Every structure is written in C-alpha cells, then in structure tokens.
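Novice: sequence first, then the predicted structure, then my questions.
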Amino acid sequence: RKEVEQDPGPFNVPEGATVAFNCTYSNSASQSFFWYRQDCRKEPKLLMSVYSSGNEDGRFTAQLNRASQYISLLIRDSKLSDSATYLCVVKGTGNQFYFGTGTSLTVIP
Amino acid sequence: SQTIHQWPATLVQPVGSPLSLECTVEGTSNPNLYWYRQAAGRGLQLLFYSIGIDQISSEVPQNLSASRPQDRQFILSSKKLLLSDSGFYLCAWSVGGHVNQPQHFGDGTRLSIL
C-alpha cells in the first residue's frame, strides 16, 4: 500500500469555481502534513502546511482528519494561475517525506 | 534567508558516461538533504537522504550514489549512466531535527540520456 494516495484527476474547472482535493495516508503515526504546488517542468513549491485545527491562506483552505487519515485542500474562486499539479506530502516520525503522485488542476477561462 | 542551489539546470549525457550533480544550501546549518528523481508524468521518487556529513541513506538500489562532503553540500553521482536514469532530479533540504518543518526544493536538473 502506498504511503500517500491522491486522485490524479485531471480536474478541469471554470474560473471562479471552488475545487477540493483529497489525499489519504497510511501511517497513523505521521506527524506533519503539507500541500505543494508543482508547475509543469518546475520544482515543487510549498503551498501550505496543514495543521490539526485546519488553516486558511487566502483562497486556500487545508484540513486534516487524523481519525480518517486524510488531508484536504479547498481552492475558492479559482484563477487561471491556479492551474498546476498539487502534491500532498506527509512526514512520518523519521526524516522522510512521502509524496502523493499529485492531482492535476486546469482552470478554464 | 535560506537558499538552495542546484546545477546544472539541464544535462545531456551519453549512455555509459559518468554523472555529477551538485546541490548546496545557504543560510542554515546541519540541514537534512535529499535527492529525488521524477520521471516524466510521474511522482517523486526518493533516491537518497542525509542527516549529516558522510551520513547517507539510500532508498532505491541503483547505479547512483550520493555523498555529503560538507555540511551544506550534497552530490549525486554515477559511474555509468543508463537510459533509465533520464529524468528530472531534484535536491531538497529541510531543517534538521524539526518534525514540522517542510522541504524546500532546488530548481532541478533535467537529465537526458542518449
């Protein structure tokens, strides 16, 4: 079983739409959770950390459900510039980070 | 502030040739360092990570090796490249000893094997 699983999509949404991505992780002892964004042929960049109580950064909201072992990312009022691949990342008790394969988002004019 | 430098940005090498990719981090001490490979359209595959000088953990058996001769320098090498070594190589760092700190990536090296 993979450490982190994501729906690969693709998600094609119109500008202004709200879109949500989910991610599940297998290790209940995982301690840290993140969402990264990766543009085509570029390196992943940290979008936001995910805190136990949930957190918001502008149009982006991240939530963590430890009981069900899933993480979500909600994007409101989608912009064309939000088009990218979104990576769910989980860190366990050691030094390794476990990456999902990513969810592709295309925002359509 | 911390920065990570990775070079070269692109590289075209013949099969059987050697490889050396270098990554350096500035503005922090004793970082955890990582090498990943990403094949086209695929997820990130962890190759090596290091928690200190000369301390390397290998995740996938292959013809690649890594070294950390200095605290903030991480080198990925191969003596003889294979066609399957093509991909996007990413170096990353995170704060050592801190669970909740994320990783930060270099710009990556796009390696093509001919």
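Specialist: Perfect, thanks for sending it.
Novice: I'd say A:A20 and A:L73 touch.
Specialist: Yes. Using CB atoms under 8 Å, A:A20 is in contact with A:L73, at 6.9 Å. Heads up, the C-betas are built off the backbone N, CA and C, glycines and all.
Novice: between those two, tell me which one has more neighbours.
Specialist: A direct count of neighbours by other CB atoms under 10 Å in any protein chain shown for A:A20 and A:L73 places A:L73 higher, at 22 against 12.
Novice: low-confidence ranges in the chain?
Specialist: With no chain named, the answer covers chain A. Counting by pLDDT under 70, chain A shows no low-confidence range.
Novice: my question was about chain B
Specialist: In chain B the weaker segments, taking pLDDT under 70 as the threshold, are B:61.
Novice: next one: the residue of it most remote from its centre from chain A, what distance?
Specialist: Distance from the centre of chain B peaks at B:N100, with 21.6 Å (CA atoms, centre = their mean). Per CB to the nearest CB, to the nearest Å, B:N100 is found 5 Å from chain A.
Novice: which residues touch the closest residue to that residue other than its chain neighbours?
Specialist: Nearest residue to B:N100 in three dimensions, chain neighbours excluded: A:S32, at 4.8 Å (CB to CB, 6 or more residues apart in numbering or on different chains). By CB atoms under 8 Å, 6 or more residues apart in numbering or on different chains, A:S32 lies in contact with A:49, A:90-91, B:99-102.
Novice: I'd like these written out as TSV, with secondary structure and distance to A:F99 added.
Specialist: Shown next, in TSV, are the contacts of A:S32 (DSSP: H, G, I helix; E, B strand; the rest coil; distance: CB to CB, whole Å):
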residue	secondary structure	distance to A:F99
A:S49	strand	15
A:V90	strand	8
A:K91	strand	10
B:V99	coil	17
B:N100	coil	17
B:Q101	coil	16
B:P102	coil	12
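Novice: any quick PyMOL command for the buried ones out of the residues you listed?
Specialist: In PyMOL, this line selects whichever of the contacts of A:S32 come out buried by 16 or more other CB atoms under 10 Å in any protein chain shown:
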select buried, (chain A and resi 49+90+91) or (chain B and resi 101+102)
